[in-house]
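sharing a model prediction with you, sequence too.
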Amino acid sequence: MVNISTTALVRYLVGLAFIVSASMKLFGGGLSDYFISLGLPYPITFMYVVAIAEIVCGLFIVLNYYVRYATMPLLIIIIGAIVITKLPMLHSGIINTLFHSRLDLIMLGLLFLLFQQYDGHIFRKS
């Protein structure tokens, strides 16, 4: 039986989720059209900046390296994603908005948990 702490499992899953998300932005195709549809300035550049931040921070979290600092940009990204893509759905009702926001809200909670769990040290035993 593998002995893995809950915090380590959360780290691996959160880091992997952001790495996969970034990979879809960089290699998945179609997401550039989505970023353009959001009406953001320089949408393609913005998409690449977000993807690079997700890869770097996701790797740091998986490797247990500066986890607290790595969560900060990801918290900003996920809050931005909720504000830009989910809050406009409120016109269709709170339940519909919460349904479409559920994964973002779970990720927000897990990132906050990791932020609270780690201090500023480089490595921390899980």
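Arrived safely, thanks for sending.

tell me the pLDDT at Ser126?
For Ser126, the pLDDT comes out at 50.

just Ile122 next, same as before
For Ile122, the pLDDT comes out at 61.

longest helix of this structure?
helix 94-117 (DSSP state H).

just how off-centre is it within its chain?
Centroid separation for helix 94-117 versus its chain: 10 Å, with Cα atoms, centre = their mean, to the nearest Å.

again with stretch 91-104
So, by Cα atoms, centre = their mean, the centroid of stretch 91-104 is 18 Å from its chain's centroid.

other residues contacting it?
Contacts of stretch 91-104 with the rest of the structure, by Cβ atoms under 8 Å, 6 or more residues apart in numbering, involve Ile78, Ala81, Ile82, Lys86, Leu87, Met89, Leu90, Leu105. The way it works is simple: take the backbone N, C-alpha and C, and place the C-beta from them, glycine included.

and the helices in this protein?
6-27, 31-37, 43-62, 67-81, 94-117.

mean confidence (pLDDT) on the last one, please.
So that's helix 94-117. Per-region confidence: helix 94-117 scores 95 on mean pLDDT.

number of nearby residues for the residue lying closest to Leu40 once chain neighbours are set aside?
With sequence-adjacent residues excluded and distances taken as Cβ to Cβ, 6 or more residues apart in numbering, Leu40 is closest to Phe46, at 5.4 Å. Phe46 sits with 15 neighbouring residues when counted by other Cβ atoms under 10 Å.

packing partners of the least confident helix or strand in the chain by mean pLDDT?
Here the helix or strand of the chain ranked lowest by mean pLDDT, DSSP states H and E is helix 31-37, holding a mean of 85. Using 3 or more Cβ pairs under 8 Å, 6 or more residues apart in numbering; DSSP states H and E as the contact definition, the elements that helix 31-37 packs against are helix 43-62.

how far away is the nearest residue to Glu54 once chain neighbours are set aside from Ile77?
Beyond its immediate neighbours in the sequence, the residue positioned closest to Glu54 (Cβ to Cβ, 6+ apart) is Ala22, lying 3.7 Å away. When Cβ to Cβ, to the nearest Å is the yardstick, Ala22 and Ile77 sit 10 Å from each other.
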